[in-house]
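Q: Structure, please.
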Amino acid sequence: LDYMRDSAKGLDFLNAPRHDLGAGPVGIQHCDVKPQNILLMGDSASVCDFGLARVLGESHTTSAMAGSPAYMAPECIEGHQPSDATDQYSLAISYAELRTGQLPFRDLNYGDVLHAHLTGGLKLDALPEPEQEVIRRATSRQPTARYPSCVAMVKALRRAVDGPSMTST
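A: Numbering: from 1, shown residues only. Alright, predicted model coming up:
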């Protein structure tokens, strides 16, 4: 969870409209959050590989999906505009995989993976129920129903893991 928190902080910073690329502050979407793009350095983690990153709100002219299908939010699969909640979806899938050792799909073929994303049919039963609830919200079909930030999602995961008798940090 500490590595997830570090990754979440980095993604929230990236997604916030604070990067001036010449035309005023903009947010940036990573577009390819997955365990392979979380770099562990000692006791901390950083998000890396910005090869697919793009400005949030900027229309893209390509019809090809960019990113790794297993971690891709439904809005990206359908060609809709990504939001600051899009990278959160991918981070939630990454958490499920890192926590359980498997991706949250019944079958790993391309069509079934995309179908699971588009229908909310993620297989989360390998996670304890409190964690499933957090991941379900973070992978909601509607970006506006997700957590307000990646850090908020990780805080909810911390509460789910620690249980009601523990205080969160």
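
Q: Neighbours of residue 67, how many?
A: 20 (other C-beta atoms under 10 Å). Using the backbone N, CA and C atoms, a C-beta is placed for each residue, glycine as well.

Q: Quick check: buried residues in the host helix or strand of residue 92?
A: Following DSSP states H and E, one finds residue 92 within helix 86-100. Under the neighbour-count criterion of 16 or more other C-beta atoms under 10 Å, helix 86-100 has 86-97, 99 buried.

Q: quick one: which of the residues you listed is nearest residue 28?
A: residue 87 (9.5 Å; C-beta to C-beta).

Q: Test my guess that that closest one contacts residue 153.
A: No: the criterion here is C-beta atoms under 8 Å, and residue 87 misses it with residue 153 at 10.6 Å.

Q: In its sheet, which strands sit next to the lowest-mean-pLDDT helix or strand in the chain, and in what direction?
A: One helix or strand of the chain scores below all others by mean pLDDT, DSSP states H and E: strand 54-55, with a mean of 90. Strand pairing for strand 54-55, using DSSP bridges, gives strand 28-29 (antiparallel).

Q: Please enumerate residues in contact with the strand it pairs with?
A: With C-beta atoms under 8 Å, 6 or more residues apart in numbering as the test, strand 28-29 has contacts from 14, 15, 19, 53, 54, 55, 56, 82, 84, 86, 87.
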